[in-house]
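Novice: the following comprises the amino acid sequence and a computationally predicted model.
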Amino acid sequence: MAPAGAAAEQPPGPGASKEPQRGEQRGRAEEEPPRIALMNGDGLHENHKDETRQDDQKETDHTEDANDQEVIVIQDTGFTVRIHAPAVEPFSLQVSPQEMVQEIHQVLMDREDTCHRTCFSLQFEGNVLDNFAELKTIEGLQEDSVLKVIEEPYTVREARIHVRHIRDLLKSLDPSDAFNGVDCNSLSFLTVFTEGDLGDSGKRKKKGTEMEQIDCTPPEHILPGSKERPLCPLQPQNRDWKPLQCLKVLTMSGWNPPPGNRKMHGDLMYLYVITMEDRHVSITASTRGFYLNQSTAYNFNPKPASPSFLSHSLVELLNQISPSFKRNFASLQKKRVQRHPLERIYTPFQVYTWTAPLAEHAMDCVRAEDAYTSRLGYEEHIPGQTRDWNEELQTTRELPRKNLPERLLRERAIFKVHSDFTAAATRGAMAVIDGNVMAINPSEETKMQMFIWNNIFFSLGFDVRDHYKDFGGDVAAYVAPTNDLNGVRTYNAVDVEGLYTLGTVVVDYRGYRVTAQSIIPGILEREQEQSVIYGSIDFGKTVVSHAKYLELLEKTSRPLKIQKHTVLNDKNEEVELCSSVECKGIIGNDGRHYILDLLRTFPPDLNFLPVDGEEMPEECRKMGFPKQHRHQLCCLRQELVDAFVEHRYLMFMKLAALQLMQQKANQSEGDTPLENGGSPTPSFPENGVEDGEKSPLEDGKMDENVAGLDQVKELTETIASDNGAVDPRSKEIIQNACKAVGSISSTSFDIRFNPDIFSPGFCCKHSRTARVPLLPVIKSKEGLCLHPRAPAPCAECRRFSSNLSSLKRVKNGCVE
């Protein structure tokens, strides 16, 4: 059974590769650049442009080089090559200069007439092409060039890949792998909605001269009065799909592995097959191909059977011994290639479904091999060794990114490694819960045990050593990994050079929550107290800081809207931080600066965190807030924080524009500045609006003053440049607007939050003052997701233009 659900720190926005990919090539999918969180510095209200992302800090000469290379990439056009394969008519294939030879391999392994071949090479003018070479680097390759498919000798690894590929072809229309979350299969509703597959004509199948009748009757379970709420309709139900069974059994023989003398003859493995005609045969996989042997279930006889058939492909051999296989396999592949490409392609990373129907459990040798054998010989790493996941994850992030080709290569490499790490972590988490991995502390209680498998560290979602005693115990320990994962995603999206995070995967399986992390070099060789040089390991009692970490984290504070602040440890000593106090900084043996435990990256949510001495607005109290939650790790989602900052920036611009318009009106009427530093401009309450009052943005009075926004932008730029050529009254306007929206700067819009505000167990220096920057998002109507964020989806629904994804994001914006 597949895990109930798995989440990982993945680069967002992966694109699909050109063709379906299996095994070691599945992760090579193109990826869009990571989505960047909204920065306070975005736009013309930026205060410190040198604190933006490192990608934007390019010298002029590097920018010109990047532009030149990007133009070259855009100007490259595709061309056509001719493919000559054994027993197949030559055909043409459209390729791109940026494609690798390996991508042509994947195309051939997906085509209907060549899909049964896996162990082959491509030759051009007698030279074998490197699988990882780009086509534009092959000398002489041009329009109508001929590429020959040459069959290569098998190895044990290639033979296993071939058997696995044939199994995948036989189950290409079977949804069981998609339900179980195996091999990047996923469910698709496309065929259900189109009422069948589309043929070459692209038109629906006709019945005689008339179109087929479409049944539009709604199902009974959605009709009024129905009391049943079945879960099966949540999954695609293709009633017309009829399984085409090609074989009864295809499995590994019990005579494996071959004895030493047979290995000298080239035997690699033995297969056992039962055809649809109920013929029991034993097959030898050798370096030259596949043939029948004379072995039975009880007697081993590796000699070739009579008549002798030697085929380089297992499908070709089965076609000769089973007419039913030949007929059904051809029909199966024809139906497979007629499906829409979006249904045939595999997802770049595994998607799990929370509901699946009860299906018949069929014999599957590949599934059994995956569950009970080590796949080191099949996976993409050195046989007999495990991968150094942390080194791979960090090395890919250190790849150059000066121009478009380098950025594309870097993003693809990052996504590839993250996909492999997620798959390995998921298998490891399942093995941990199933009891197949020994704990590194077996003498301790089960929930306190930790595990290391395949260079991945696993821990369970329980309150170990009462770390979360004051935050909700096991409930808080169960929620903390999700918050930590969200923090890792956010810091990776900011992508500051020199600051590293751990590869993190959170897996829910059989009622357990397992956190899988890559291992910092040297962390297991020393005590935690000696390793942590930034942050706290005991929730604020002992707090340390480090100049290098402050420098790196300060670069992330602007896009993440985190305020640099000072906390007091148990000795009442001041310690300066630029993150939450739970965030830990560790320098690994590789010299890299790592941060971990990012569960408090975002501000706390006072809707579910009652605090003594703090009262919520009257509107919130009427709705029952604050409510007592099961844990005290409730935090605001990044989307809500971004939306709040956007709303406050709009308020800032319009407030300043209103004052500028009034100032111009007063000057035109001959008004003079007031004495004693006074100003004729109106004042606004601090942090926007007072309780019970309407914001100028709510009553629509600000819309007609948008004409002054350009002047506000120019004015803020001038003030930020600090050239001293600003009218004092104009400067006061900006100061009033900054004060009104809660900006921490008096010269430009800059809202940041203290993530340690209201955290139990420790206190901030001048705690009341430290709370001020957070009060707008926590106590104002805008920040509570009650107004104006909450009515927005309702208004959209009334206008019949709602966006379901936005509705879900806003609905879940307050609490984990």
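Specialist: The structure has been received and is ready for your questions.
Novice: let me see the mean pLDDT of the strand or helix carrying Asn736.
Specialist: Using DSSP states H and E, the element containing Asn736 is helix 728-741. For helix 728-741, the mean per-residue pLDDT is 83.
Novice: buried set for it?
Specialist: Neighbour counts using 16 or more other C-beta atoms under 10 Å place Arg729, Ser730, Glu732, Ile733, Ile734, Gln735, Asn736, Ala737, Cys738, Lys739, Ala740, Val741 of helix 728-741 among the buried residues. To be clear about C-beta, it is placed using only N, CA and C from the backbone, and glycine gets the same treatment.
Novice: in which helix or strand does Pro302 reside?
Specialist: Counting by DSSP H and E, Pro302 is part of no helix or strand.
Novice: burial count for it?
Specialist: By other C-beta atoms under 10 Å, 18 other residues sit near Pro302.
Novice: how close does it get to Tyr270?
Specialist: Separation of Pro302 from Tyr270 (C-beta to C-beta, to the nearest Å): 8 Å.
Novice: which residues do the two both contact?
Specialist: Common neighbours of Pro302 and Tyr270, using C-beta atoms under 8 Å, 6 or more residues apart in numbering, are Pro258, Thr284, Asn293, Ser295.
Novice: TSV for these, including pLDDT?
Specialist: Output for those, formatted as TSV (pLDDT from 0 to 100):
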residue	pLDDT
Pro258	94
Thr284	96
Asn293	95
Ser295	94
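Novice: and the residues you listed, which of them are in strands?
Specialist: Among those, the residues falling in strands (DSSP state E) are Thr284, Asn293.
Novice: tell me the one of the shared contacts of Pro302 and Tyr270 nearest Leu169?
Specialist: Nearest to Leu169 among the shared contacts of Pro302 and Tyr270, counting by C-beta to C-beta, is Thr284 at 21.0 Å.
Novice: leaving out chain neighbours, which residue sits closest to that closest one?
Specialist: Spatial nearest neighbour of Thr284, chain neighbours left out: Asn293 (4.7 Å); criterion: C-beta to C-beta, 6 or more residues apart in numbering.
Novice: now swap in Thr515 and tell me
Specialist: Spatial nearest neighbour of Thr515, chain neighbours left out: Pro481 (4.5 Å); criterion: C-beta to C-beta, 6+ apart.
Novice: secondary structure element for that neighbour, which one?
Specialist: Using DSSP H and E, Pro481 sits within helix 474-494.
Novice: repeat that for Glu639.
Specialist: Going by DSSP H and E, Glu639 is part of helix 638-668.
Novice: what average pLDDT does that helix get?
Specialist: Across helix 638-668, pLDDT averages out at 84.
Novice: elements contacting that helix?
Specialist: Applying 3 or more C-beta pairs under 8 Å, 6 or more residues apart in numbering; DSSP states H and E, we find helix 638-668 packed against helix 709-721, helix 728-741, helix 775-779, helix 804-811.
Novice: circling back: ok, the buried residues of helix 728-741 vs Asp597, which is closest?
Specialist: In terms of C-beta to C-beta, no member of the buried residues of helix 728-741 lies closer to Asp597 than Val741, at 31.8 Å.
Novice: pretty sure the closest one is touching Leu655, no?
Specialist: Yes - judged on C-beta atoms under 8 Å, Val741 makes contact with Leu655 at a distance of 7.2 Å.
Novice: now Val281: closest residue in space that isn't a chain neighbour?
Specialist: Nearest residue to Val281, sequence neighbours excluded (C-beta to C-beta, 6+ apart): Val273, at 5.1 Å.
Novice: doesn't the one you found lie inside a strand?
Specialist: Yes - per DSSP: H, G, I helix; E, B strand; the rest coil, Val273 lies within a strand segment.
Novice: let me know the pLDDT of it.
Specialist: Taking Val273 on its own, its pLDDT is 94.
Novice: which residues does it bridge with?
Specialist: As for beta bridges, Val273 partners with Leu250, Val281 under DSSP bridges.
Novice: and it, what does it touch?
Specialist: Counting by C-beta under 8 Å, 6+ apart, Val273 makes contact with Leu247, Val249, Leu250, Thr251, His280, Val281, Ser282, Ile283, Leu318.
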